[in-house]
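*Asks:* Any chance you can model this:
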Amino acid sequence: MEIILPDLNKRIKEVIHECSGGSVNAFSKTLENVSQQRLDRIFKPDTRTKKIPSVPDDIITGIAKSYPFISLRWLLTGEGKMNEEVAPNLSDLFPYLRERDKKIEELTAELSVLKTQIEQEQAKKTPIQAKRDLETVKL
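*Replies:* Okay, here's the model as predicted:
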């Protein structure tokens, strides 16, 4: 028996195919707070009602946030094209870039501390212990 999906569910399946090669698992990981199992449910009949569930609002919101180039008009109504040209909003981009730079600086500092700790631990070891550790790492 072939499953006939509602139009919105079909379009979401198209988005999954377009954005993650058809992998519901990979696609669900890009959406905030949407599990693979939850996303899978909109493509399979409910075991109690035997009907395909409607798409929850948070899945639509997740797609809109994670894939701003997907036209919401197309997603919700089927009108127009799936892909929408989106001009970057520079006012949104700068805070994002500043936050990423801050995170990179924090990680760089943490890496520096860890390297120093490793060097200090290596200096405490005898040459034989250090050689054995290097051989273990190579395995």
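*Asks:* quick one: contacts of the lowest-mean-pLDDT helix or strand in the chain?
*Replies:* Lowest mean confidence among the helices and strands of the chain (mean pLDDT, DSSP states H and E): helix 127-138, at a mean of 71. Outside of helix 127-138, the residues within contact range by CB atoms under 8 Å, 6 or more residues apart in numbering are 122, 125. Bear in mind the C-beta positions are built from the backbone N, C-alpha and C, glycine included.
*Asks:* Show me the shaky parts of the protein.
*Replies:* In the prediction, the chain carries residues with pLDDT under 70 at positions 1, 85-92, 134, 137-139.
*Asks:* what's the spacing between whichever helix in the chain runs longest and its chain's center?
*Replies:* When the chain is parsed with DSSP state H, its longest helix is helix 90-124. With CA atoms, centre = their mean, to the nearest Å as the basis, helix 90-124 stands 22 Å off its chain's centre.
*Asks:* N33 and M82: what is the separation?
*Replies:* N33 is 24 Å from M82, where distance means CB to CB, to the nearest Å.
*Asks:* Kindly report the same for E18.
*Replies:* E18 is 7 Å from M82, by CB to CB.
*Asks:* Also S35?
*Replies:* S35 is 24 Å from M82, where distance means CB to CB.
*Asks:* Comparing those two, which residue is more hemmed in?
*Replies:* M82 (16 against 12; other CB atoms under 10 Å).
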